[in-house]
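A.B. asks: from the sequence below, what's the structure:
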Amino acid sequence: MFDIHTETMEWAGRTLTIETGRVARQATGSVMVTYGDTIVLATAVGMKTAKPGMDFFPLTVNYQEKTYAAGKIPGGFFKREGRPSEKETLTSRLIDRPIRPLFLKGFKNDTQVMITVVQHDLENDPDVLGMIGASAALTLSGLPFMGPIGGARVAYIDGDYVINPTEDEKKESDLELMVAGTQDAVMMVESQAKELSEEIMLGAVMAGHEAMQPVIDMIIKLAEKAAKEPWDVTAEDLSAEEAQVRKLVEKDLVAAYKNVDKSLRSAAISEAKAKAMDKLAASEDNPDGIPSNTLGSAFKAVEASIVRGGIIKTGKRIDGRDLDTVRPILGEVGMLPRTHGSALFTRGETQSMCVATLGTGEDEQFIDDLTGTFKERFLLHYNFPPYSVGETSFRLAPGRREIGHGKLAWRALSAVLPTAEEFPYTIRLVSEITESNGSSSMATVCGCSLAMMDAGVPITRPVSGIAMGLIKDPEGMAVLSDILGDEDHLGDMDFKVAGTSEGITSLQMDIKIAGITKDIMHTALEQAKAGRLHILDEMAKALDETREELGEFAPRIETITIPVDKIRDVIGTGGKVIREIVATTGAKVDVNDEGVIKVSSSDGASIKAALDWIHGLTAEPEAGKIYKGKIVKVMDFGAFVNFFGPKDGLVHVSQLKSERVNHPSDVVKEGDEVWVKLLGFDDRGKVRLSMKVVDQETGEEATEDA
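C.D. replies: Here you go, the predicted model:
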């Protein structure tokens, strides 16, 4: 009934299996990938015809994690999976980036790749399997995919590279790096590191590329047995259309790209494009003209050849810079004085306004993952409004790009954060991109680093970031530092490096050609290091070290630890006591299961009041110490004093004054504030207090003892 084909191998200590022919047989290509006990289903479907007028490749990659894969039921009212989580969005991007450049140029058919995690063993991350599954499904489908690719995760533990670390091994690693590539070259890198050197990072990329080669061979073997017939698709040939465009507007484009100012350059390019459309596009008056979508592709190809050729031939770029020159930088801090920390980072025509907000444990984000639920105390959100590029658009929730750029900056800054014990705050950073012309994610890294320093967050060292580009043609090659938006769109590589003066904290690479070599990566890393250090020097002109004090409006947090058996005394029945503390003092109070209590407020008096209250609830009075209390009841034999939180004690009539007292009411009345010394406890554990041994004016111990 089923024509099932399987390939199996041992890979990094576990069994990897790719199977096709059993599940999802109506998809254009489908596989089940198993590694350890983690299983993903990957499918690829391509439409047989392209939509009319399509001027881009409509590829969609969707990675989804089903909670049943880990034996869980979704939370919430509907009890089913909802919108994609951050992990699902980031993994979808991770898989999209290396496969997109490998489709035949000019293929415009709607194509969808879906990866579903159907079983998770809580040890092996399914994202690597998703990448392998997507590659295998596309290779088997017959679609014009020039793969396959492989993928691997690399850790760096005790000086050694570890391929596909388990969840426990990840916690011990100084590096988490994902790499994808073909047999010959690297296509994509995504990483987070603890200030590692360029040599270690390059070694990790190469280790991952080497480790994936058996997987690529495995996919090829499976394809030899089970691949469908290749689609009859002809590579796009726009040479005739390009010639017409070049003849008409080449001089206009050359002149346009001599404008250093982005707005002037964009306006001139738009005029040239409008001229080409008017003269060459098919219309009722010109039925033999070029279809508009084809003309758009030809126009872009001419643009690319002019920009790329100029850089290769002259070593000069669109804005007149040399290959390794960074645009002018201006860093400013404290521009929003009522926020906890703020910075404005401007590099050329790219600008990020970053704001740091400090919160308490209540502000931590709960993250529900297949591996479990945990709290995150460091948040970074990146926003890219359309006005930053002079455009309008419909705005809803953050898109995949905004989530991806925010996570890249998050990774870059995570390595320098203080521990929760050193700095018991939840930290939220927001980057508003107010201008954009290349590398807004790296501007976010720089701006958020300054904002944290302005807020008084004791980071280890400042972090900067730079985006590198590549022009690779038969005529030559050029690596570009601090690329512009046009150099990104028309170039071959987007290579982002972030780090401190001591090493790299994050590395991300995307390639638009069929991969790059180790030598090119080495050149890019070394050039990026020089640029990164230069940017750090420029940032230091705004603020060279973290402020010693928190801002005026930032909350203060005091941390104490109480015995676990006293937690219920602080919380009270149904939370009654802790709510009363918060309502009365105005301070926030967070209590965890280990007895750690964080009390926070922007008012020091509120914190002290809450702490005193908690001490009164949880601490025990010490014999021999003097306390201030209040008379709560007067009896014939003495007076009861509330002297320590909710604790009362008896001052016997003989301990009221040094001379004889006939009746306690002759000396005290209810509501009086008095000083008492704790003499000790009687045989029944009752508190024994004395007033006569304390000077009631000063609270100092009297000369005459009890």
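
A.B. asks: quick one: low-confidence parts of the stretch 301-450 of the chain?
C.D. replies: Flagging of the stretch 301-450 of the chain using pLDDT under 70 yields an empty set of residue ranges.

A.B. asks: strands along that one, start to end?
C.D. replies: With DSSP state E, counting those that start in this stretch as the criterion, the stretch 301-450 of the chain has strands at 329-333, 341-347, 350-359, 365-369, 372-376, 378-383, 426-435.

A.B. asks: include distance to Met187 and mean neighbour count when you put those strands into a markdown table, please.
C.D. replies: C-betas here are computed from N, CA, C, even on glycine. A markdown table is the format used below for the strands of the stretch 301-450 of the chain (distance: least, Cβ to Cβ, whole Å; neighbours: other Cβ atoms under 10 Å):
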| stretch | distance to Met187 | mean neighbour count |
| --- | --- | --- |
| strand 329-333 | 31 | 19 |
| strand 341-347 | 28 | 26 |
| strand 350-359 | 26 | 25 |
| strand 365-369 | 27 | 13 |
| strand 372-376 | 30 | 11 |
| strand 378-383 | 24 | 20 |
| strand 426-435 | 27 | 22 |
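
A.B. asks: nearest to Pro126, of these?
C.D. replies: Across these, the minimum distance to Pro126, taken as Cβ to Cβ, is reached by strand 365-369, at 11.5 Å.

A.B. asks: tell me the contacts of Val632?
C.D. replies: Phe640, Val641, Asn642, Asp648, Glu670 (Cβ atoms under 8 Å, 6 or more residues apart in numbering).

A.B. asks: rerun that using 10 Å as the cut-off
C.D. replies: For Val632, the set of contacting residues under the criterion of Cβ atoms under 10 Å, 6 or more residues apart in numbering consists of Ala639, Phe640, Val641, Asn642, Phe643, Asp648, Glu670, Gly671, Asp672.

A.B. asks: what subset of these is buried?
C.D. replies: Neighbour counting by 16 or more other Cβ atoms under 10 Å classes Ala639, Phe640, Val641, Asn642, Phe643, Asp648 among the contacts of Val632 as buried.

A.B. asks: helices or strands next to the helix or strand harbouring the fourth one in the packing?
C.D. replies: When you say that, I think you mean Asn642. Taking DSSP states H and E as the criterion, the element that holds Asn642 is strand 638-644. Contacting strand 638-644 under the criterion 3 or more Cβ pairs under 10 Å, 6 or more residues apart in numbering; DSSP states H and E are the following elements: helix 604-618, strand 626-635, strand 647-652, strand 673-681, strand 687-690.

A.B. asks: which residue ranges of the stretch 51-200 of the chain form strands?
C.D. replies: If DSSP E, counting those that start in this stretch is used as the criterion, the strands of the stretch 51-200 of the chain fall at 59-65, 111-119, 150-157, 160-163, 175-181, 186-196.

A.B. asks: what is the orientation angle of the last one with strand 150-157?
C.D. replies: To tie it back to what came earlier, the one meant is strand 186-196. Direction vectors for strand 186-196 and strand 150-157, defined by axes from the mean of the first three to the mean of the last three Cα atoms, to 10 degrees, enclose an angle of 10 degrees.

A.B. asks: and for Leu264, the neighbour number?
C.D. replies: The burial metric for Leu264, expressed as a neighbour count using other Cβ atoms under 10 Å, is 12.

A.B. asks: what's the average pLDDT for the strand or helix carrying it?
C.D. replies: Here Leu264, judged by DSSP H and E, is contained in helix 262-280. Summarised as a single mean, pLDDT over helix 262-280 is 90.

A.B. asks: how distant is that helix from the center of its chain?
C.D. replies: Going by Cα atoms, centre = their mean, to the nearest Å, the spacing between the C-alpha centre of helix 262-280 and its chain's C-alpha centre is 38 Å.

A.B. asks: now the angle from that helix to strand 350-359?
C.D. replies: Calculated by the same axes, to 10 degrees, helix 262-280 forms an angle of 120 degrees with strand 350-359.

A.B. asks: which residues touch Gln26?
C.D. replies: Going by Cβ under 10 Å, 6+ apart, the list of residues near Gln26 reads Thr43, Val45.

A.B. asks: give me the pLDDT for it.
C.D. replies: Confidence at Gln26, expressed as pLDDT, is 96.

A.B. asks: in what helix or strand does it lie?
C.D. replies: Applying DSSP H and E, one finds Gln26 in no helix or strand.

A.B. asks: measure it to Gly334 for me?
C.D. replies: Counting by Cβ to Cβ, to the nearest Å, the gap between Gln26 and Gly334 amounts to 60 Å.

A.B. asks: Thr523 too?
C.D. replies: Thr523 sits 39 Å away from Gly334, taking Cβ to Cβ as the criterion.

A.B. asks: with Gly82 instead?
C.D. replies: Distance from Gly82 to Gly334, counting by Cβ to Cβ: 40 Å.

A.B. asks: and those two? which has more neighbours close in?
C.D. replies: Counting neighbours by other Cβ under 10 Å for Gly82 and for Gly334 shows that Gly334 has the greater number, 18 against 9.

A.B. asks: now do the contacts for that one.
C.D. replies: Gly341, Ser342, Ala343, Leu344, Leu450, Ala451, Asp454, Ala455, Ala542, Leu543, Arg547, Gly551.

A.B. asks: please report phi then psi for the nearest residue to the first one once chain neighbours are set aside.
C.D. replies: Spelled out, it's Gly341. Nearest non-adjacent residue to Gly341, counting by Cβ to Cβ, 6 or more residues apart in numbering: Ala455, 2.5 Å away. Main-chain torsions, Ala455, degrees, to the nearest 10: phi -80, psi -10.

A.B. asks: show me what contacts Ala455?
C.D. replies: The neighbourhood of Ala455, defined by Cβ under 10 Å, 6+ apart, consists of 333-334, 339-343, 355-358, 425, 427, 429, 546-547, 550-551, 554.

A.B. asks: where are the low-confidence patches of the stretch 601-706 of the chain?
C.D. replies: Within the stretch 601-706 of the chain, the segments meeting pLDDT under 70 span 703-706.

A.B. asks: please convert the contacts of Val632 to CSV, extending it with distance to Thr43.
C.D. replies: Formatted as CSV, the entries for the contacts of Val632 read as follows, by distance: Cβ to Cβ, whole Å:
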residue, distance to Thr43
Ala639, 82
Phe640, 77
Val641, 77
Asn642, 71
Phe643, 73
Asp648, 72
Glu670, 80
Gly671, 78
Asp672, 81
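
A.B. asks: so which of the residues you listed is the closest to Ser173?
C.D. replies: Using Cβ to Cβ, Phe643 is the member of the contacts of Val632 that lies nearest Ser173, at 54.2 Å.

A.B. asks: surely that closest one and Glu622 touch.
C.D. replies: No. Here Phe643 does not reach Glu622: they are 11.8 Å apart, not a contact under Cβ atoms under 10 Å.
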